Structures are given as structure tokens and as C-alpha cells.
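Colleague: Dropping the sequence and predicted coords here.
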Amino acid sequence: GAVVSQHPSWVICKSGTSVKIECRSLDFQATTMFWYRQFPKQSLMLMATSNEGSKATYEQGVEKDKFLINHASLTLSTLTVTSAHPEDSSFYICSARDALGGANVLTFGAGSRLTVL
Amino acid sequence: QKEVEQDPGPLSVPEGAIVSLNCTYSNSAFQYFMWYRQYSRKGPELLMYTYSSGNKEDGRFTAQVDKSSKYISLFIRDSQPSDSATYLCAMNTNAGKSTFGDGTTLTVKP
């Protein structure tokens, strides 16, 4: 089945630094990937839709200059949290849909836990 | 009103019980209906998906979709402690992004 790899799984950084999270589709091509944020005991909050070769589409209230998304290839999207602050500490999850597969369902990465000191 | 409403839980059942998890929705254009299982500090894992109405069975899991009532269910038979997790329903149109329920946390006690 479809596999999405997310890296790193856990990162701790100092306030003011930038952190990059990678999302890779391992055995399929994904023209579209999605980035979510999840706080403890809450559901997924869609942050943005990452489109291969074009600009990401951000959800209302999500700062595009704060959360930079790059989808440079059909198998890789990156989320960079710029000038991170403690309030950015959260669980970030990506998902992807197989562009060539028959089923319109999402496969998720394992998530990346960001802690900003 | 949210597009997808999920029974909030939490749900606690003894081992071996039958579990019923439910969601309702308002968008009649939804065609794909998914159930994800999420363990603590992990990404959601796709359990099952159904296209349009009907039932689908996979081992101890059965997914039901009733489009006329805009109601979907996931049944877990012979529940096990390892089934303890948060279950998310999700649905989308043929081309659109997925819309998720808020999740139901299930605990199966040995």
C-alpha cells in the first residue's frame, strides 16, 4: 500500500530558529500533499495544501510567511517553520493522495513533534 | 454547523465487546468515506474506506455508509486492548480535500 514518510519524527529547537520537516511519498506520486497541525487531544487542523510545482494554498488564519511550504517534486513536500516560538510547538502531520491510484483517500505520515524552547 | 459531526466519546468498553463509532455529515457531495485510527503521538492510519453507499468488512472491522441518512458507522467486533486509540472519520468529494470528524477516543479494558 501507499506509504508516506515524514522526517524528523521529533525535533527540539531554540526560539527564533527555523525548522524544516520533510514529507515523502515512497511508492507513489503525489501532486498534492496536505499539512496539518494537531494539539493534544484535538483533531487535525488543516494548515495548507501543497501543490507540486506551484504555490501552496493556505487555510484561513495560517501565516504563509511563518509556515513555508515547498513541493518541488512529485514525491517531496517540505514545511519550514520560520523563526519558531514556543507557541509553534505542536504535532505536525502530512498526508498525500496517490495521483495515479484509483481511490481518492489520504495516506498520512507518522507526524513530527516540534518543541520550541 | 460542522460539515462532519462525530460522536465525541470517550468510549470505554470491556475486551470482547462490540464497538460502534458514528459520524453524520451534511454535504451530499461526499463520495469517499474513510475511517482512520490514530495511536497517541502517531499519524492517522487508514483502516477502511468506502466509496458511495454500502457495507465493507475487513476482519473484525465493518464500515457502513447510509447516504440517504448521511450517516456512517464503524463497527469493531471482539474488541481488543490493542484497539484502544482515537478513531477519526473522514470524507471527501471526488476531487476535494478531506473533511475530518473530531475523533472518538476508545479504550478497551482487558
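Modeller: Yes, it's here.

Colleague: Quick one: mean pLDDT for stretch A:51-58?
Modeller: When pLDDT is averaged over stretch A:51-58, the result is 89.

Colleague: what does that stretch rub up against?
Modeller: The contact list for stretch A:51-58, computed with Cβ atoms under 8 Å, 6 or more residues apart in numbering or on different chains, reads A:30-32, A:47-50, A:64, A:67, A:69, A:71-74, A:77. All C-beta spots, glycine's among them, are computed from the backbone N, C-alpha and C.

Colleague: And that stretch, how far out from the chain middle?
Modeller: The gap between the average C-alpha position of stretch A:51-58 and the chain average comes to 12 Å, counting by Cα atoms, centre = their mean, to the nearest Å.

Colleague: Please apply the same query to stretch A:21-39.
Modeller: With Cα atoms, centre = their mean, you get 6 Å for stretch A:21-39.

Colleague: Any idea how far apart the tips of it sit?
Modeller: 17 Å (Cα to Cα, to the nearest Å).

Colleague: Residues touching the helix or strand harbouring residue B:46, excluding its own?
Modeller: Counting by DSSP states H and E, the element that carries residue B:46 is strand B:45-51. Defining contact as Cβ under 8 Å, 6+ apart, one finds that strand B:45-51 is touched by A:103, A:105-108, B:31-39, B:56, B:58, B:61, B:63-65, B:72, B:74, B:87.

Colleague: Residues of chain B that sit close to chain A?
Modeller: For chain B, the residues found near chain A under the criterion Cβ under 8 Å from any Cβ of the partner chain are B:31-32, B:34, B:36, B:41-46, B:49, B:51, B:88, B:90, B:92, B:94-95, B:97-98, B:100-103, B:105.

Colleague: And for residue 75, the neighbour number?
Modeller: By default, I'm working from chain A. A total of 19 residues lie near residue A:75 under the criterion other Cβ atoms under 10 Å in any protein chain shown.

Colleague: ah, I was thinking of chain B
Modeller: The burial count assigned to residue B:75 is 17, neighbours taken as other Cβ under 10 Å.

Colleague: I'd say it and residue B:20 touch.
Modeller: Yes: Residue B:75 lies in contact with residue B:20 (Cβ atoms under 8 Å); the separation is 5.6 Å.

Colleague: List only buried entries from the contacts of stretch A:51-58.
Modeller: Members of the contacts of stretch A:51-58 that pass the buried threshold by neighbour count (16 or more other Cβ atoms under 10 Å in any protein chain shown) are listed as A:30-32, A:47-50, A:67, A:69, A:71, A:74, A:77.

Colleague: Go through those residues and flag which are in strands.
Modeller: Restricting the buried ones among the contacts of stretch A:51-58 to those inside strands, with DSSP state E as the criterion, leaves A:32, A:47-50, A:67, A:69, A:71, A:77.

Colleague: which two from those residues end up farthest apart in space?
Modeller: The distance between the two most remote of these (Cβ to Cβ) is 16.8 Å, for A:32 and A:67.

Colleague: Count the neighbours of residue 55 for me.
Modeller: Defaulting to chain A. 12.

Colleague: Can you look at chain B instead?
Modeller: Neighbour tally, residue B:55, other Cβ under 10 Å: 12.

Colleague: pretty sure it contacts residue B:62?
Modeller: Yes: under the criterion of Cβ under 8 Å, residue B:55 makes contact with residue B:62 at 6.3 Å.
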